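Give me coordinates for this.
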Amino acid sequence: KNWTRISSFPGVPENTYVSDLLASKFDENVLYASFDNILRDDFKPYLLKSTDKGKSWVSIAGNLPDNHTVHSIQEDFLDPNLLFAGTEFGCFFTVDGGSNWIQLKSGIPTIAVKDMAIQKRENDLVLATFGRGFYILDDYSPLRMLNKQTLDSAGYIFPVKNALMYLPTGGKYGQGSTVYQAKNPDFGAIFTYYIKEVPKMKKQLRKEKEKELFKEGKPIPQPSEADLRAEKQELAPYITFTITDAAGTPVRIIHKSAGKGINRENWDLRYQSTRSVDAGESWDPKKDNGSGVLALPGTYAVTLSMTFGGETRQLAGPVEFRVVPLENTTLPATDRQNMVAFHSQVAELSRVMRGTESYAEKLLARTNDLLMALNCVPGGAPGLIKQARDLQLQLDTILNVRFNRRTGKPSDEENPPAPVPLNDRLGKISWITWSSTGDPTQSAKDAYAILQEEFPPVYDQVKRIGEVELPALEAAAEALGAPVTPGRLPAWK
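As a prediction, this is how the structure comes out:
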């Protein structure tokens, strides 16, 4: 029935558009107001707070950038000092009621944030932008724990929520543009962490020193070849998350580039893979062999460390968290521990079989090289060539008959009387153990038992060729002065 014009907004030009009003969730006397004066080419951030129902106002724009017009404001529902401001060029938050603002980045483009909402159950911050886009900051609750003690520490891991264990689907295939699917939150245990500083590398330090000398008008020394080589060989600092089980046994490591500030990483609730590795021409310390079998539910802990200059130091942790099954499986395992034990047995068998196959492939390549070298010996070496040819045929049979069936005939449906290759059995039970949380089937157990019987003779044959027969032939070739082959060190006389 009665309206009163509020005109006492300190520092705000008269008739400036009111972009947002927000009543506090904690105190009926407190409200916030933001103002947009862009139409007058005024991009200043006008953000005010009243503690007496609008009778008087004070600015809480703090250190917001001068050109960041404020479009929206939101208040946390648990901490009255945690505020969010949507501006012309992004989103900011403060943990001290507006004295100091920090910009949220890591995925938010430079765009006007016109509105904000908070999803209380998951502690999610939802942004609506001028570009008709929506952005969600999943679980912003760690921001409530920011304080001087946390920010002064070298590193910090915020409390980890219970990680729900299930088998995520792989999406839909062949739908084209008919189905829109936004990115889901990361699966597994989410680690929100803080790093105060990241060490500078030799090249960064040199560039900074050269910049100072340039400003002072002083000569800039030319780096030596040794200095430039040391810069090139230096490894960038990286961080490592180590996950341990309830007994304190490490079960997974995750490497990542080191970056200062607040960041996130997730563990997909799987143990370390046992698959073989091949670094190629260079080694990247941030890479590993990936995920293995699904872990057991229970209590785990995570620690954070940083490696630089050949030294590793722990920054934070251990922080405990729980892995909890979602209980949405159609045929749950009657004994999950036995299920994981069987999956681990299959993973170990896979590790040895895949490694043996890879080793046999390299042996075949060495044998082919040796045959070529023996064929180049003046006067010939027919006896050695015959032995090497025999090894070549053995390895070809191992790779193309025992491990794989590459003849194409008969087909899988017409398999008998052709033997089932080792990799066919291993592939099927490996897929089952990767994508199932039910009890192992009898077929999987039978396939595992058959592999335990059929693989050892193949393993022994490959081992004998690699450790006895092929080295003996290479030594004989060296005695004849045959051309050098890869992997064989020539004798120095």
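
which one's the longest helix in this structure?
Secondary structure of the chain per DSSP state H: the longest helix is helix 336-374.

Show me which residues of the very next helix or strand once past that helix are buried.
Once the chain leaves helix 336-374, the next helix or strand it forms, by DSSP states H and E, is helix 382-397. For helix 382-397, a neighbour-count test (16 or more other CB atoms under 10 Å) marks 384-385, 387-388, 391-392, 394-395 as buried. (Each C-beta comes from the backbone N, C-alpha and C, glycine too.)

Of these, which is the nearest to Lys183?
Nearest to Lys183, judged by CB to CB, of the buried residues of helix 382-397 is Leu395 at 46.0 Å.

Per-residue confidence, the closest one, what does it come out as?
Leu395 carries a pLDDT value of 95.

Quick check, it in contact with Leu364.
Yes. Assessed by CB atoms under 8 Å, Leu395 is found in contact with Leu364 at 4.3 Å.

which residue ranges form the helices in the stretch 101-250 of the chain?
148-152, 202-216, 225-233 (DSSP state H, counting those that start in this stretch).

Rebuild those as TSV, extending it with distance to Thr299.
Shown next, in TSV, are these (distance: least, CB to CB, whole Å):
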stretch	distance to Thr299
helix 148-152	24
helix 202-216	41
helix 225-233	41
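
and of those helices, who's closest to Val179?
Using CB to CB, the nearest of the helices of the stretch 101-250 of the chain to Val179 is helix 148-152, at 42.0 Å.

How many residues are close by the residue nearest to Thr485 when sequence neighbours are not counted?
Closest residue to Thr485 apart from its sequence neighbours, by CB to CB, 6 or more residues apart in numbering: Asp369 at 4.0 Å. Using other CB atoms under 10 Å, Asp369 is surrounded by 18 other residues.

Out of the helices of the stretch 101-250 of the chain, which is closest to Ser435?
So among these, helix 148-152 is nearest, using CB to CB, at 40.0 Å.

what's the closest one packed up against?
Applying 3 or more CB pairs under 8 Å, 6 or more residues apart in numbering; DSSP states H and E, one finds that helix 148-152 contacts no other helix or strand.

what does it contact?
Applying CB atoms under 8 Å, 6 or more residues apart in numbering, the external contacts of helix 148-152 come out as 156, 194, 196.

ok, of the residues you listed, which come out buried?
Buried by 16+ other CB under 10 Å: 156, 194, out of the contacts of helix 148-152.

In TSV: the helices of the stretch 101-250 of the chain, plus distance to Thr334 and mean pLDDT.
Shown next, in TSV, are these (distance: least, CB to CB, whole Å; pLDDT from 0 to 100):
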stretch	distance to Thr334	mean pLDDT
helix 148-152	45	87
helix 202-216	57	93
helix 225-233	54	93
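
where does the protein dip in pLDDT?
Applying pLDDT under 70 to the chain flags residues 171-172, 407-417.

do that again at 80, thanks
Along the chain, segments meeting pLDDT under 80 span 6-8, 131-132, 169-183, 278-281, 328-330, 379-380, 406-419.

so the biggest strand by length in it versus helix 336-374, what angle?
Counting residues, the longest strand found in the chain (DSSP state E) is strand 311-325. Here strand 311-325 runs at an angle of 130 degrees relative to helix 336-374 (axes from the mean of the first three to the mean of the last three CA atoms, to 10 degrees).

Can you tell me which helices and strands strand 311-325 packs against?
strand 155-157, strand 163-165, strand 189-195, strand 238-244, strand 298-308.

Pull up the pairing partners for the longest one, direction included.
Under the criterion DSSP bridges, strand 298-308 sits next to strand 238-244 (antiparallel), strand 311-325 (antiparallel) in its sheet.

Measure how the shortest one sits relative to strand 189-195, angle-wise.
To tie it back to what came earlier, the one meant is strand 238-244. Angle between the axes of strand 238-244 and strand 189-195 is 140 degrees (criterion: the same axes, to 10 degrees).

Output strand 238-244 in CSV with nothing but the alpha carbons.
Output of strand 238-244 as CSV, limited to C-alpha atoms (Å, rounded to 0.1, in the frame of the first residue of the first chain):
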residue,chain,number,x,y,z
TYR,A,238,54.0,-32.3,-10.7
ILE,A,239,51.8,-33.5,-7.9
THR,A,240,50.8,-37.1,-6.9
PHE,A,241,47.7,-38.3,-5.1
THR,A,242,48.3,-41.6,-3.2
ILE,A,243,45.2,-43.5,-2.2
THR,A,244,45.6,-46.1,0.5
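
any idea which helix or strand comes after that strand?
According to DSSP H and E, the helix or strand after strand 238-244 is strand 250-257.

Which positions in that following strand come out as buried?
In strand 250-257, the ones that count as buried by 16+ other CB under 10 Å are 251-252, 254.

Just give me how far it sits from the chain centre.
Centroid displacement of strand 250-257 relative to its chain, using CA atoms, centre = their mean, to the nearest Å, is 9 Å.

Show me what the helix or strand following that strand is packed against.
Moving toward the C-terminus from strand 250-257, the next helix or strand (DSSP H and E) is strand 261-267. Using 3+ CB pairs under 8 Å, 6+ apart, the elements in contact with strand 261-267 are strand 189-195, strand 238-244, strand 250-257.

Now do strand 261-267 against strand 298-308, angle only.
Counting by the same axes, to 10 degrees, strand 261-267 points 130 degrees away from the direction of strand 298-308.

Give me the contacts around whatever helix or strand comes next after strand 261-267.
Using DSSP H and E, the next helix or strand after strand 261-267 towards the C-terminus is strand 270-272. Here strand 270-272 makes contact (CB under 8 Å, 6+ apart) with 251-253, 288-289, 291-295, 344.

Put together a markdown table for those residues, with distance to Arg206 on each row.
Putting the contacts of strand 270-272 into a markdown table (distance: CB to CB, whole Å) gives the following:
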| residue | distance to Arg206 |
| --- | --- |
| Val251 | 41 |
| Arg252 | 37 |
| Ile253 | 32 |
| Asp288 | 31 |
| Asn289 | 35 |
| Ser291 | 39 |
| Gly292 | 42 |
| Val293 | 46 |
| Leu294 | 47 |
| Ala295 | 45 |
| Ser344 | 49 |
